[in-house]
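Asks: Test case, fold it:
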Amino acid sequence: QVQLVESGGGSVQAGGSLRLSCIVSGCTFGPDGWSWYRSVPGSEREFVSSIEKDGPTTYADFVQGRFVISQYRAKNTVYLQMNSLKPEDTATYYCRTSCSGVFGKVGDNWGQGIQVTVSS
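Replies: Prediction:
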């Protein structure tokens, strides 16, 4: 069974930083890329950032230049370094990954979500 566990959330003042982590277990051949999403009550989940298995990254415009995604493949872990945080970054953050398979990605797995609160 594939499980994702996020950590590193919390409360911070505007301008501060947090680093989220997400570790996956249960992927026989490891994860095949990662994504981070976020949601606030009453709104749909929105894309924040992604990193492909071989390294290329993508960012939503609203975090470009402030957030950095990285992965530690040997530890099946992804990180989201969040700098210059703004109150509008307050949300529940979710990591997402698929497992590597012989013929490509397998499955679509989400973490349970972790709260980030930025105060002004």
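Asks: center of the chain - which residue?
Replies: residue 36 (3.0 Å; Cα atoms, centre = their mean).
Asks: Which secondary structure element of this structure has the lowest mean pLDDT?
Replies: strand 104-110 (a mean of 91; mean pLDDT, DSSP states H and E).
Asks: what pairs with it, and is each one parallel or antiparallel?
Replies: strand 91-101 (antiparallel) (DSSP bridges).
Asks: Tell me the gap between the partner strand and the middle of its chain.
Replies: Put simply, strand 91-101 sits 7 Å off its chain's centre (Cα atoms, centre = their mean, to the nearest Å).
Asks: contact partners of that strand?
Replies: Strand 91-101 has contacts (Cβ atoms under 8 Å, 6 or more residues apart in numbering) with 2, 4, 6, 9, 20, 22, 24, 26-40, 45, 48, 53, 78, 80, 105-116. Using the backbone N, CA and C atoms, a C-beta is placed for each residue, glycine as well.
Asks: For this protein, which segments count as strands?
Replies: Ranges of strands in the chain, per DSSP state E, are 3-7, 10-13, 18-25, 31-39, 46-51, 57-59, 67-72, 77-82, 91-101, 104-110, 114-119.
Asks: Quickly, which of the ones you listed bottoms out on average pLDDT?
Replies: Lowest mean pLDDT of the strands of the chain: strand 104-110, a mean of 91.
Asks: Need the residues that contact that strand.
Replies: By Cβ under 8 Å, 6+ apart, strand 104-110 touches 2-4, 24, 32-33, 94-100.
Asks: Just the buried residues from the residues you listed, in PyMOL please.
Replies: Applying 16 or more other Cβ atoms under 10 Å to these leaves a buried subset, and the PyMOL line that selects it is:
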select buried, resi 2+4+24+32+33+94+95+96+97+98+99+100
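Asks: Sounds good, over and out.
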